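K.L.:
Quick check, what structure comes out for this input:
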Amino acid sequence: MESCKKIYNLSWVAYFRPVLTTMLAVVISFYIAEMIERQWLVGVIVVIAFICLAYQVLYIRSVELYIDDEGVWLYQGVLPWQKGFYGVKWRDIDGALYNKGLISWACRSYAIHVVHRYTKNSEIYLRHVLHGNLFVETVNDELNKRYSETPTQRKSENENIVID
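P.N.:
Reported below is the predicted structural model:
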């Protein structure tokens with residue numbers, strides 16, 4: 001993507017759930033180990049919880065939204081067989097939306113939705129995008145630039161062409 005205009009990443013809010021889940025798993029493992037009197041179980045659960053946390057952090061860091069001359073693209077993946085991108089070309093985008101709310105506004109972290117004109121299978125929906133409101137404005141502005149031309153404007157341009 002040599003002609004990439006803008007890259008958007010996920011906000012710090014995306015890390016909140018994995019960290020909270022890991023902390024909860026560690027606390028619960030202490031209670032379970034006390035109840036069944038197996039102290040080694042705490043170590044196993046803690047190691048598994050931190051491995052899962054490390055994977056989730058790497059995954060969140062790998063997510064990137066691209067806007068380029070061809071369209072809007074989402075790149076994600078940690079492991080080699082997961083890495084890849086998909087997206088929507090400009091000609092197929094119907095519009096972009098973001099969810100508004102107090103928490104989103106305060107954290108500058110928005111859920112974005114790039115709507116495909118013809119099918120729901122190729123749409124992009126992503127939560128916790130840092131400055132997702134600006135992403136949506138950029139996508140919709142680009143759509144307006146590309147398709148704001150009315151049929152009468154195109155007709156008047158074609159009338160000025162002289163063919164011998």
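
K.L.:
mind listing what the residue nearest the centre of the chain touches?
P.N.:
In the chain, the residue lying closest to the centroid (CA atoms, centre = their mean) is residue 126, at 3.7 Å. Contacts for residue 126 (CB atoms under 8 Å, 6 or more residues apart in numbering) come out as 10, 63, 65, 74, 111, 112, 132. No exception for glycine: its C-beta is placed from N, CA and C like everyone else's.

K.L.:
Quick check, pLDDT for the first one.
P.N.:
pLDDT recorded at residue 10 is 94.

K.L.:
ok, back up a step: for the contacts of residue 126, give me a markdown table that also has neighbour count, secondary structure and distance to residue 86.
P.N.:
Below are the contacts of residue 126 laid out as a markdown table (neighbours: other CB atoms under 10 Å; DSSP: H, G, I helix; E, B strand; the rest coil; distance: CB to CB, whole Å):
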| residue | neighbour count | secondary structure | distance to residue 86 |
| --- | --- | --- | --- |
| 10 | 22 | strand | 17 |
| 63 | 17 | coil | 12 |
| 65 | 25 | strand | 11 |
| 74 | 19 | strand | 6 |
| 111 | 16 | strand | 18 |
| 112 | 23 | strand | 15 |
| 132 | 26 | helix | 18 |
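
K.L.:
ok so, going back, helix/strand/coil for the residue nearest to the centre of the chain?
P.N.:
Following DSSP: H, G, I helix; E, B strand; the rest coil, the label given to residue 126 is strand.
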